[in-house]
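Student: predicted model and sequence below, questions to follow.
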Amino acid sequence: MIMNLNDHYQLHIDGESVPASTDDALVTNDPATGEPIAKFAQATTADVDRAVGAAREAVSAWRSKTPVERGQILQDVATQIRANADDLAQIESRDQGKPLTQAQSDVEDAARYFEYYAGAADKLEGKSIPRGDETLDMTVREPYGVSGQIIPWNFPLSITARGVAPALAAGNTVVVKPAPTTPLSALHLATLCRDAGVPDGVVNVVTGGTAPGVALTSHDGVDQLTFTGSVPTGQAVMKAAAETITPVTLELGGKNPAIVMPDADLDAAAFWIATGIFTNAGQICSAADRALVHESIYDEFIELLVDHAVSYDLGPGTDDPDMGPLNHAEHFETVVDYIETGLEDGATLETGGEPLDEDGHFVPPTVFSDVDPEMRIAQEEIFGPVLAVIPFADRTEALEIANGVEFGLTGGVFSRDITQALGIAREIDAGGVYVNEWFGGSVETPFGGMKQSGIGREKGLEALDSYLQTKNIAINLDEDGH
Ligand code: NAD
């Protein structure tokens, strides 16, 4: 099933691999070498129109399948993903740059999304509302129709599955636009969906850069939008959606605080924070970007963090090192610029900072201490393996620093005193808080942001709310008909 990485990838529309209406192909590069690994089609506005048309055409047949049938097909998609897990992980690792083990875990997550929402398809119940003997009032939950989904480059496969699976379970059809530096796994997923029995037109993928993204988000044939990416692009998506009053789910960036109280298990906290900021080379919206450390343990804790940082080996993702390269050249430059900014602003570089002298986009684990909460490296999302360590004197100051950014995606607290930890967890402005761990949560738990980190929730049963609209039906039972 799996195509060759040197193939020229086409669009996936109406169950088929089809060329774009222009010959201008794009290229996706290996982040470990900068060398091209595959060509792919650049969708035009006309191609997006074609994909939305196919998705629209498929809505009626897909939503009229019984929920059990829809669930069975989604379960079969999960089976297909697992049957092709090795190939998918290789492709994801090569295209995105992440270590193979992490790509394998993403593939399993993708299978889990389909499995989880397969089980939910026949449980999307409405309510009956008591209004007296002469009325029967009930709600039914209906799909929107066509869901447009824009995907970033940090978790190309699992974020695609995260949006497509609940949309399909709820009876919608989808048009997916992957990021231009990681288009491959979404195309393979569309093929696997077809092989699993998803009817033609229910899952469509249009590849390309910003233009097909704009075409999709401003298309009047799209009934619901799911966007994952940066805040500025999220704002553009929301503005485009406003023109057609299309509902949006936005998963945007983060600048997430990890608060380390003096009574914490420091070895465990250092392990979790290093894992939280260096996994996927820091290209995770929920990363542990800022370690807020009580001043009484500050020096000791920095030593523990540095020990972890220097222990990471870097290499091409497909060699399965601890850390791979950053995804693409432009992003690599951004991260290097942030490191420069940190130095200019007076933070102390404890380790890392110097990009590897190689063709790929390698930045080693980097730890800054003496970081002032107002510095740019403490305020702006770097999306790289760069940790800002900030001291605090007491809980009040820790929370002021933690909440003193525009984002509110995740946060964490480390303390052996569970009452204290829970109190702090309740006061962190974030859609998700981890206690004595990082990246807690899973396919089953809601995920999303407060403040500028987004609108709505992905994952868990709550995600289904984004793909269903409620209809209230009031039935007159009065025997006289009045
Ligand atoms: P990005 O905003 O640059 O691009 C995201 C996607 O939007 C890409 O597919 C891109 O082609 C498309 N796009 C660009 N301009 C567009 C426009 N005007 N209209 C429609 N689509 C457009 O983000 P990125 O650089 O790919 O990803 C990194 C960002 O994503 C980070 O800020 C990160 O925090 C965020 N992110 C958030 C989550 C989450 O779940 N909260 C998950 C992953 C990434």
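Tutor: Okay, I see it.
Student: neighbours of residue 444, how many?
Tutor: Residues lying near residue 444 (other Cβ atoms under 10 Å) number 10. The way it works is simple: take the backbone N, C-alpha and C, and place the C-beta from them, glycine included.
Student: how about it, nearest residue that isn't a chain neighbour?
Tutor: Excluding its sequence neighbours, the residue lying closest to residue 444 (Cβ to Cβ, 6 or more residues apart in numbering) is residue 460, at 5.5 Å.
Student: just residue 433 next, same as before
Tutor: Leaving aside its chain neighbours, residue 433 sits nearest to residue 425 (4.3 Å; criterion: Cβ to Cβ, 6+ apart).
Student: would you mind giving the secondary structure of that neighbour?
Tutor: helix (DSSP: H, G, I helix; E, B strand; the rest coil).
Student: distance of residue 315 relative to residue 323?
Tutor: From residue 315 across to residue 323, the span is 8 Å (Cβ to Cβ, to the nearest Å).
Student: looking at the two, which is more packed in?
Tutor: Set residue 315 next to residue 323 and count neighbours by other Cβ under 10 Å: residue 323 wins out with 24 against 18.
Student: so who does the residue nearest to residue 10 when sequence neighbours are not counted touch?
Tutor: The shortest distance from residue 10 to any non-neighbouring residue, by Cβ to Cβ, 6+ apart, is to residue 17 (4.4 Å). By Cβ atoms under 8 Å, 6 or more residues apart in numbering, the contact set of residue 17 is 10-11, 191.
Student: in its sheet, what does the helix or strand that contains residue 17 sit against?
Tutor: Per DSSP states H and E, residue 17 falls inside strand 16-18. Its sheet considered, strand 16-18 pairs with strand 11-13 (antiparallel) by DSSP bridges.
Student: bridging residues for residue 146?
Tutor: Here residue 146, judged by DSSP bridges, has bridge partners residue 173.
Student: am I right that it is in contact with residue 56?
Tutor: Yes. Here residue 146 reaches residue 56: they are 5.6 Å apart, a contact under Cβ atoms under 8 Å.
Student: which one's more surrounded, the two?
Tutor: Comparing residue 146 with residue 56 by neighbour count (other Cβ under 10 Å), the higher total belongs to residue 146, at 29 against 17.
Student: so how far is residue 297 from that one?
Tutor: Taking Cβ to Cβ, one finds residue 146 at 53 Å from residue 297.
Student: got it, and residue 182?
Tutor: Note on residue 182: its distance to residue 297, by Cβ to Cβ, is 39 Å.
Student: which one's more surrounded, the two?
Tutor: Set side by side, residue 182 and residue 297 show more neighbours around residue 182, with 27 against 18, by other Cβ under 10 Å.
Student: and that one, what does it touch?
Tutor: 28, 95-96, 153, 156, 327 are the contacts of residue 182 under Cβ under 8 Å, 6+ apart.
Student: so which of the residues you listed is surrounded by the most neighbours?
Tutor: Going by other Cβ under 10 Å, residue 96 tops the contacts of residue 182 with 30 neighbours.
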